[in-house]
Structures are given as C-alpha cells and as structure tokens.
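Visitor: next comes the sequence, and after it the predicted model I'd like to discuss.
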Amino acid sequence: MNQSHEITKLLRDWSDGDRSAFNELMPLVYGELHRQAARYLRNERRCHTLQTTALIHEAYLRLVDQTDINWQGRTQFFAVAAQVMRHILVDHARAKRREKRGGDAVRVPFEEAITITVDEQDVDLNALDEALNRLAKIDEQQVRLVELRYFSGLSLEAVASALKISRATAARDWNMARAWLHRELTR
C-alpha cells in the first residue's frame, strides 16, 4: 500500500473512533506538517519566538482533539492542519501584541505579502486574519482557497481537487480573493 493510501486509511480509521490510528498517522504526515509550519513561519517577522517544531506540536495537540471531523483523505487533513496552524500563529501574534500594547507590526498589502521573503518585511497576520474572517462571511470557499494556496503552498490543481471544484473556478476564486483582500488590507 502506498503512503497516500495508508494515510487515507488511517484517517478514516481515526474518524471511526480508532484513537491509535492517529498515533500511527503522525510519523507519516510529520514531514509535510513540518514543511507547512516552515512556510507559515517564513512569513513571520525575523524575531518571531515560535519555532517550527513548537508550531507542529501545538497543531498536533489541537488536531488530536478533533472528534467531529469525518476524515476523507490526506488533502482534507493538510487543509485542516493549515487552518489550525494559521489560528495558532494568529493567537500567538495577538498575545505578543497585547504584551507590547500594539507592537511594531508592519501592515503589508496582501499582494506584496505573497512575495515577501524573511529578509524583506513582516506580514501583519492579525490584519490578514481579520480580513479573511470578513471574507468568510461573504465566501467561505475563497477563504479555504487562500488558506490552501497562500499558507499551505498548494498549486491551483491541488486546491481545486481538495475543494472539489474545477481548476478554472479555483483560478477565478483565487483572483477574486486576492483582489478583495488587497482592497481590504490597503484601506
């Protein structure tokens, strides 16, 4: 059995109540979770105190508590993991801002944030998260698409497959979401 099928089988076993399936699953998905966490943290400021391993472990703790999800496959799992990591980072950023009473976050338009490297500017995750929450009230699918493209680094084809939409719809929604977020973040 190839690894992708094994992951899917373990996810379904976990959905069916087999808690040990999650423990078998983690070594198989750890590498991809590490890549996702590293992608997230590349968009953080240079002095960020949360490390990749800590982000993965926090995500693990939140994922293991998931009981109401009917896991269908690896793409869905990594999409949920991306969403969990996003929330962890936003919570962490909010806590830091509270500590500093506003901090020194630099607001960056979404389109610029896509191309930012660690050496350039920092992304204001709070502003992006707030904008994504506003977008979710309008179009939840576009938010999922942004999470999968921007935060998980998936291709349009992979996103289309995960969301069960055509590539053309994924491309159109991606362009619409980017334009909407750009407008919201540059107000």
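Guide: It's in. Note that the structure is predicted; figures quoted are calculated from it, not measured. Numbers count the residues shown, from 1 in each chain.
Visitor: so which bits of stretch 145-153 are buried?
Guide: The neighbour-count check on stretch 145-153 (16 or more other C-beta atoms under 10 Å) flags L145, V146, E147, L148, R149, Y150, F151, S152 as buried. In this view, the C-beta of every residue, glycine as well, is placed from N, C-alpha and C.
Visitor: ok, longest helix in the chain?
Guide: Scanning the chain for the helix with the most residues, using DSSP state H, yields helix 74-100.
Visitor: buried residues, it. List them.
Guide: 74-86, 88-90, 92-93, 96-97.
Visitor: skipping adjacent residues, who's closest to the spatially most central residue of the chain in space?
Guide: By C-alpha atoms, centre = their mean, the chain has its centre lying nearest to A82, at 2.7 Å. Spatial nearest neighbour of A82, chain neighbours left out: S152 (4.2 Å); criterion: C-beta to C-beta, 6 or more residues apart in numbering.
Visitor: same deal with F22?
Guide: W14 (5.0 Å).
Visitor: what's near enough to touch that neighbour?
Guide: A21, F22, L25, W71 (C-beta atoms under 8 Å, 6 or more residues apart in numbering).
Visitor: distance of the first one relative to V64?
Guide: When distance is defined by C-beta to C-beta, to the nearest Å, A21 is 11 Å away from V64.
Visitor: and the last one, by the same measure?
Guide: Applying C-beta to C-beta, the value for W71 to V64 is 13 Å.
Visitor: I figured the residue nearest to the centre of the chain was touching V146, is that so?
Guide: No - A82 is beyond contact range of V146, at 10.2 Å (criterion: C-beta atoms under 8 Å).
Visitor: so which elements touch the longest helix of the chain?
Guide: Packing partners of helix 74-100 (3 or more C-beta pairs under 8 Å, 6 or more residues apart in numbering; DSSP states H and E): helix 3-15, helix 19-42, helix 52-64, helix 125-138, helix 156-163.
Visitor: list the helices and strands the fourth one packs on?
Guide: Judged by 3+ C-beta pairs under 8 Å, 6+ apart, the packing partners of helix 125-138 are helix 74-100, helix 110-114, helix 140-146, helix 167-185.
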